[in-house]
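> Here is a sequence together with a model predicted from it:
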Amino acid sequence: MKYHISKDQQDLYRTNGYIVIEDFLDPVELQTWRTVTQDAVQQRLRERNGLTNRDEPETYYAQVFLQAVRLADTHEGMARLMLDERLGEAAGKLAGVDGIRIWHDQALFKQPYGNPTGWHLDNPYWSFSSRDAISIWVALDRATLANGCLWYLPGTHRVARYDNSGIGSNIGSLFKVYPEWANLKAVPAPCPAGSAVFHNGLIAHGAGANMTPNPRRAMTCAYMPDGATFNGQKNVLRDDYFAALRVGDKLEDARQVPLIWKR
Ligand SMILES: O=C(O)CCC(=O)C(=O)O
Ligand SMILES: [Fe+2]
């Protein structure tokens, strides 16, 4: 795993709000990530209760991607992959923070002829607000312009507010919220399988449609800087934990937000 982060990579990430690291996983690691992710998703499909957006499979959103959240909660192999300190170190060094907690892992499989992923920001969905939130998106298949690779508006993480738009069938809704971004040049992030794309939780991003007969599979994880506080939103918080929290409380429950790396 290519988890050591150079000064140049840090600078690039902080300027653009995202970075592609090719060959992040070696071929053996990539095979493990594929097998484990496939197995964890299959398990959810069998249980029929853990997929976030499959209740109505014919809706637009269900056809954006097959989405399975917090697989590490229910799959031991996935927990082993996600709790890896090296992932936390890479994320923490890029973000420039002192500690990294897991917010949620998430498998995102854009199925053959899947819809595009509308432009959005990530952090406004979550139960903490931080300009240093960061995610990793690991390509389990080669991501191309044809099968729905990610696209970014570089630099928007530095000026974004917490206003957002949903990932709906109007893929450009975000530009109604941020009309000042309408003429920025979007940059695609195609990458070979085994690459990691890290992005800031406030950068504007989306993904194209999958115009191929094969899935575009990604395994991702959203990270919270250690010390971030509850903002009142439920998102993926457990019911009992959510009920006990007050706005401003530090999020530090070891089961909900495991600390995987500290400087
Ligand atoms: O995989 C996709 O299509 C979208 C990914 C995304 O929005 C994310 O990882 O935050
Ligand atoms: Fe996103």
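Arrived safely, thanks for sending. Ligands and ions are numbered 1, 2, ... in the order given.
> quick one, what contacts Leu153?
119, 181, 184, 186-187, 203-205 (CB atoms under 8 Å, 6 or more residues apart in numbering). For glycine as for every other residue, the C-beta is placed from the backbone atoms N, C-alpha and C.
> Tell me the one among those residues nearest to Gly88.
Nearest to Gly88 among the contacts of Leu153, counting by CB to CB, is Ile203 at 20.0 Å.
> about what we covered before: quick check: ChimeraX command selecting the buried ones in the contacts of Leu153.
Buried residues within those, by 16 or more other CB atoms under 10 Å, are selected in ChimeraX with:
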select :119,181,203,204,205
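> JSON lines please, covering the contacts of Leu153 and showing pLDDT.
Shown next, in JSON lines, are the contacts of Leu153 (pLDDT from 0 to 100):
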{"residue": "Trp119", "pLDDT": "98"}
{"residue": "Trp181", "pLDDT": "98"}
{"residue": "Leu184", "pLDDT": "98"}
{"residue": "Ala186", "pLDDT": "98"}
{"residue": "Val187", "pLDDT": "98"}
{"residue": "Ile203", "pLDDT": "98"}
{"residue": "Ala204", "pLDDT": "98"}
{"residue": "His205", "pLDDT": "98"}
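> Pretty sure Asp240 sits in a strand.
No: counting by DSSP: H, G, I helix; E, B strand; the rest coil, Asp240 is not part of a strand but helix.
> Near ligand 1, which residues of the stretch 1-150 of the chain are found?
Contact residues, the stretch 1-150 of the chain versus ligand 1 (CB under 6 Å from any ligand atom): 65, 108, 110, 117, 122, 135, 137.
> Then the stretch 151-263 of the chain?
205, 207, 218, 220.
> Neighbour-wise, which one of those leads?
Ala207 (28 neighbours; other CB atoms under 10 Å).
> I appreciate the help and will end here.
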